[in-house]
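*Asks:* Have a look at this prediction, sequence included:
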Amino acid sequence: MPQKLSPKAAAAKKKRDLAAANSDDRKAKRADSQKKRRAATKKYGANWLIGKDYDHNTGRFTSSSHNRGGTQHKSKKDGTKAEKKQSKK
């Protein structure tokens, strides 16, 4: 279910989300994922990758739902905010 935002808040969120998606870090990860996906498709075939994304935390392909849910080690807290805080340390 989508968030219930006012038009003003929705516009601000759209602007923030676009800025985050086009940050240097996200661009590098997106390019790296595409490169690894092309290489894996060539090596194993496209059917093997259906429903999977490259996970930069584990260094392998995982299900899309698992990758978007946070995939830190058990000793670390899951979630992108926690990941961002840990990378700054």
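*Replies:* Okay, I see it.

*Asks:* Tell me the pLDDT of Gln72.
*Replies:* Per-residue pLDDT puts Gln72 at 59.

*Asks:* Low-confidence ranges, the chain, go.
*Replies:* Flagging of the chain using pLDDT under 70 yields the residue ranges 1, 69-89.

*Asks:* Spatially central residue in it, please.
*Replies:* The centroid of the chain falls nearest to Arg68 when counting by CA atoms, centre = their mean (6.0 Å).

*Asks:* Next, count neighbours for the closest residue to that residue other than its chain neighbours.
*Replies:* Leaving aside its sequence neighbours, Arg68 sits nearest to Asp53 (CB to CB, 6 or more residues apart in numbering; 7.7 Å). No exception for glycine: its C-beta is placed from N, CA and C like everyone else's. Close neighbours of Asp53, defined as other CB atoms under 10 Å, add up to 16.

*Asks:* ok, now the one 5 residues further on?
*Replies:* A count of nearby residues for Thr58, using other CB under 10 Å, gives 13.

*Asks:* ok, now how distant is it from Ala9?
*Replies:* 34 Å (CB to CB, to the nearest Å).

*Asks:* Centre of the chain to the longest helix seen in the chain, how far?
*Replies:* Assignment by DSSP state H gives helix 24-44 as the longest helix of the chain. Computed by CA atoms, centre = their mean, to the nearest Å, the chain-centroid distance of helix 24-44 equals 12 Å.

*Asks:* Now do the buried residues in the very next helix or strand once past that helix.
*Replies:* Once the chain leaves helix 24-44, the next helix or strand it forms, by DSSP states H and E, is strand 52-55. For strand 52-55, the neighbour count (16 or more other CB atoms under 10 Å) marks Lys52, Asp53, Tyr54, Asp55 as buried.
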